[in-house]
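Peer 1: Dropping the sequence and predicted coords here.
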Amino acid sequence: MPVFEALRLALQTIRAQKLKSGFSLLGVFIGVASLIAAWSIVNGVNRYMTEKFAQTLFGVNTFQLRRRPMFTPNVPDSVWRAWWRRPRIKFSDAEAVSAALTMPVVTAWQSSENVSVFYGGKEARDIELTTASERYFDIKNLRLALGRPFTAQENRSGVPVAVLGDAVAKRLFVDRTPLERSVRIGGIAYRVIGVVEKQGSILGFPLDRFVVVPALSPAQNLVNPPGVLDAFLVKAQSEIEMREAMEVAEGVMRSRRHLRPNQDNNFVLDTSEGVQRFWAGISRILVVVLPNIVVVSLVIGGIVIMNIMLMSVAERTREIGLRKALGARRRDVLRQFLAESAAIATVGAAFGIVAGIGLTLLINAASPLPATVSPLSVVLGVVMGAGVGVVAGVYPASRAARLDPIAALRQE
Amino acid sequence: MTAPALQAFRTGDTPLPDIVILTHKLTRAYDMGGEVVRALQGVSLQIRKNEYVAVMGPSGSGKSTLMNLIGCLDTPTAGEYWLNTQKVSDLDDDALARIRNKEIGFVFQTFNLLPRATALHNVELPLIYAGHGARERRARAVHALERVGLADRMEHRPNELSGGQRQRVAIARALVNEPSILLADEPTGNLDSTTSGEIMQVFAELHRQGQTIVMVTHEHDIAAHAARVVTLRDGLIATDQRQAA
């Protein structure tokens, strides 16, 4: 019997016994659906992390000189305490590094603290106040929807002007223009000169709840002790130049901190790789857990199919006997039942793929997790589904193939 | 009237071309939990082309065993079985499946039709295993159904057919590969006497057209339709008689 005939027969049987087949393909269905949905999430978040998250938080070809890494997977307390004992980054450190960099770079100072911002009787709570130098907007790629950023002149003289994040502007001013109005930060009046375009959110964290003011403006006292900054940002024109700049910065900082060659850095030069490493740590957990879920459901799916197939062989003993009497060879019977179990599993996998893609779209729409369907997961889903079907079918099919036609025909 | 004396067959001989079935000292023993049951104890039988033979005998006489051996569903413990001048008693499983497919048309007491398949598909079944294409299968199955007078019932399922019609579908299925022998096991056992008569007419017509028929039955009036009656007793041929049709 040609393979095509076996497949046609298998599909006929599945159609004739919808309920039974439906139950038997449930396991594979769940396995493949979970495979695709989970893979899509990891895949989507991965891409998001590398393409958008890292760039949004760091900028392209940008590194930050900081006391400790910005994103830290769960580190032991001892490490954490060591980080806190490190000296802070000072204005003078930033100036020294800046002076030593010979390649064309854009630099900025940055410090942040959560504060409340007031306008009239309204309060915007839990706003990230960032004191920064003027090129901060370029490095972070923040474009203004209204007004202008502050200038180098304004930064140097510490003029109290503020650029608002979209959410802050909406909260305090609703639909009136915030430009030229005064908001109060830490009791000091700041004149609003610009509003940044809406940034949206990352993984559910809003990106528009911030205010940027000049690094040397009065609010610096709210953020850090005098002369101290959180980070010195350096953006180079290429990855190679960024690496060179990092080496220069490392040398300058080590000599300023009087570190001996055997001593570790007591500062970090953080790049978007740091974020990606942080994410890689999380996704590794998913990558370990995920296949287990999939494997467990596929194994269960396989066992269910095997059981159903054994039942099916028992029920159809007479039919098998008849087919053998009419000239079916062992391999014909084997092929028929293998095709049937593979077809059940493949149909299950197909439904699983549809459900997995649907689940992915649902996650995309209903949660902040970005998910994209990976074509590879679809291929793998089909292959694994059919594979489970074949493997689960081998034993029942070989039992069917070995049946003695006389005994099989005699069975009621 | 006894059957005409056939040429004596000795081990090492080859049967004459017009001998469709030749068994020589055919023996079949079963091991029933340590006890050996000798169902056939050396049956030598020759059946010519276009003979119509009824095999009779009480239960336990070995007629089912002989039937299974002739139908290539079973292999003998000892002795020879030649089908169409081909020695089949020492063939392997797959070769026997091929012989069953090409040379033997089975008709069973319980019809053994696939319940979910149409009459046409049931008749096509042996052709699938013979490896014929869909178009040829259909044409031949239609022709076989026409031969048994069921041209207007081809798309019906077994549960939409009467007992007699079901058995005629089974006969069409048996004929579709143009087998050397039509092997019927109690073909009227599940039918009333009127319908049995109809089926016997179909057999008579097929016999007239040149079909070789071997039929196992325990009913004398059914066996009376055959031209030759072989009676088994205790695993041996007791009588072998020709009779007027």
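Peer 2: Here it is on my side, so go on.
Peer 1: mind exporting stretch A:197-213 as CSV, just the C-alpha atoms?
Peer 2: Only the C-alpha atoms of stretch A:197-213 are listed here, as CSV (Å, rounded to 0.1, in the frame of the first residue of the first chain):
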residue,chain,number,x,y,z
GLU,A,197,8.1,62.9,22.7
LYS,A,198,6.2,60.0,24.2
GLN,A,199,8.5,57.1,24.8
GLY,A,200,6.0,54.4,25.6
SER,A,201,7.0,51.7,28.0
ILE,A,202,9.4,48.8,28.3
LEU,A,203,8.1,45.5,29.8
GLY,A,204,5.4,47.5,31.5
PHE,A,205,7.7,50.1,33.0
PRO,A,206,6.6,53.6,31.8
LEU,A,207,9.3,55.6,30.2
ASP,A,208,7.7,59.0,30.3
ARG,A,209,7.7,59.8,34.0
PHE,A,210,10.8,62.0,34.1
VAL,A,211,12.0,65.5,34.3
VAL,A,212,15.5,66.6,32.9
VAL,A,213,17.1,69.7,34.4
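Peer 1: neighbours around residue B:109, how many?
Peer 2: 17 (other C-beta atoms under 10 Å in any protein chain shown). (C-beta placed from N, C-alpha, C; glycine too.)
Peer 1: for it, helix, strand, or coil?
Peer 2: coil (DSSP: H, G, I helix; E, B strand; the rest coil).
Peer 1: how close does it get to chain A?
Peer 2: 10 Å (C-beta to the nearest C-beta, to the nearest Å).
Peer 1: do residue B:82 as well
Peer 2: Taking C-beta to the nearest C-beta, one finds residue B:82 at 20 Å from chain A.
Peer 1: What backbone torsions are found at the nearest residue to residue B:78 once chain neighbours are set aside?
Peer 2: Nearest in space to residue B:78, with sequence neighbours left out and distances taken as C-beta to C-beta, 6 or more residues apart in numbering or on different chains, is residue B:27 at 4.2 Å. The phi/psi pair for residue B:27 (degrees, to the nearest 10) reads phi -130, psi 140.
Peer 1: To what extent is the residue in the stretch 201-350 of chain A positioned nearest to chain B buried, counted in neighbours?
Peer 2: Chain B sits closest to residue A:327 of the stretch 201-350 of chain A, with a gap of 2.3 Å, by C-beta to the nearest C-beta. Here the number of neighbours of residue A:327 (other C-beta under 10 Å) works out to 26.
Peer 1: Helix or strand for the residue nearest to it when sequence neighbours are not counted, just tell me which one.
Peer 2: Closest residue in space to residue A:327, ignoring its immediate chain neighbours: residue B:101 at 2.3 Å, by C-beta to C-beta, 6+ apart. According to DSSP states H and E, residue B:101 maps onto helix B:93-103.
Peer 1: pLDDT on that helix, on average?
Peer 2: Across helix B:93-103, pLDDT averages out at 93.
Peer 1: Packing partners of that helix?
Peer 2: helix A:317-325, helix A:330-366, helix B:119-130 (3 or more C-beta pairs under 8 Å, 6 or more residues apart in numbering or on different chains; DSSP states H and E).
Peer 1: Contact residues of chain B facing chain A?
Peer 2: B:68, B:71, B:73-74, B:93-94, B:97-98, B:100-102, B:106, B:108, B:112, B:114, B:116, B:125-126, B:128-131, B:173, B:177 (C-beta under 8 Å from any C-beta of the partner chain).
Peer 1: Low-confidence bits of chain B, can you list those?
Peer 2: In the predicted model of chain B, residues B:1-7, B:244-245 satisfy pLDDT under 70.
Peer 1: Buried residues of stretch A:157-164, list them for me.
Peer 2: In terms of neighbour count (16 or more other C-beta atoms under 10 Å in any protein chain shown), stretch A:157-164 has its buried residues at A:158, A:159, A:160, A:161, A:162, A:163, A:164.
Peer 1: ok, now stretch B:114-129?
Peer 2: Buried-residue list, stretch B:114-129, by 16+ other C-beta under 10 Å: B:114, B:116-129.
Peer 1: domain parsing for chain A?
Peer 2: A:3-52+A:277-410, A:108-237 (automatic domain parsing).
Peer 1: weakest of those domains in terms of mean pLDDT?
Peer 2: domain A:3-52+A:277-410 (a mean of 85).
Peer 1: Please identify which helix or strand holds the most centrally placed residue in chain B.
Peer 2: Geometric centre of chain B, nearest residue: residue B:183, 0.7 Å, by C-alpha atoms, centre = their mean. Assessed by DSSP H and E, residue B:183 sits inside strand B:181-185.
Peer 1: Just want the angle from that strand to helix B:93-103.
Peer 2: Relative orientation of strand B:181-185 and helix B:93-103, computed by axes from the mean of the first three to the mean of the last three C-alpha atoms, to 10 degrees: 100 degrees.
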